[in-house]
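In: Generate a structure from the sequence data that follows.
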Amino acid sequence: MDNVQIGKRLIELRGSRTQEEVARACDLSLSAVGMYERGERIPRDEIKIRLANYFNKTVQDIFFA
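Out: Numbers count the residues shown, from 1 in each chain. Okay, the predicted model is just below:
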């Protein structure tokens, strides 16, 4: 999966929540969440795990499906 597809998946998972809510819950900066969603960056493995736990998904479901 490429950066843009991952970003779209993260936006889809976020749903009606704000980027700020996700950032706060996952101990990330708001700018980092935005960059992940725009496909400008891919999160480090540790952050992938935090995001997967927050969205109640596996890392594979989000980043490798």
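In: What residues does the most centrally placed residue in the chain make contact with?
Out: In the chain, the residue lying closest to the centroid (CA atoms, centre = their mean) is L10, at 4.6 Å. Shown in contact with L10 (CB atoms under 8 Å, 6 or more residues apart in numbering): 33, 36-37, 51, 62. Backbone N, C-alpha and C define where each C-beta goes, glycine included.
In: let's see 10 Å
Out: Contacts for L10 were tallied using CB atoms under 10 Å, 6 or more residues apart in numbering; they are 19, 22, 33, 36-39, 43, 51, 55, 62-63.
In: just F64 next, same as before
Out: Counting by CB under 10 Å, 6+ apart, F64 makes contact with 1, 6, 48, 58.
In: try 8 Å
Out: M1.
In: gap between it and M35?
Out: 19 Å (CB to CB, to the nearest Å).
In: can you check E20 too?
Out: If you go by CB to CB, the gap between E20 and M35 works out to 14 Å.
In: So if I had to pick from those two, which one is more boxed in?
Out: Remark: of E20 and M35, M35 carries more neighbours, 16 against 10, as counted by other CB atoms under 10 Å.
In: Model confidence at that one, what's the number?
Out: Note on M35: pLDDT of 98.
In: one step back: please pick the buried ones from the contacts of L10.
Out: Taking 16 or more other CB atoms under 10 Å as the criterion, what is buried in the contacts of L10 is 19, 22, 33, 36-37, 43, 51, 55, 62-63.
In: quick one: which helix or strand includes L13?
Out: Assigned by DSSP states H and E, L13 falls within helix 3-14.
In: actually D27, sorry about that
Out: Using DSSP H and E, no helix or strand contains D27.
In: what sits against it?
Out: Counting by CB under 8 Å, 6+ apart, D27 touches R50.
In: So it versus Y54, what's the distance?
Out: Distance, D27 to Y54, by CB to CB: 10 Å.
In: Would you reformat the buried ones among the contacts of L10 as a markdown table and include secondary structure?
Out: Formatted as a markdown table, the buried ones among the contacts of L10 follow (DSSP: H, G, I helix; E, B strand; the rest coil):
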| residue | secondary structure |
| --- | --- |
| Q19 | helix |
| V22 | helix |
| V33 | helix |
| Y36 | helix |
| E37 | helix |
| P43 | coil |
| L51 | helix |
| F55 | helix |
| I62 | helix |
| F63 | helix |
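In: Right, I'll leave it there.
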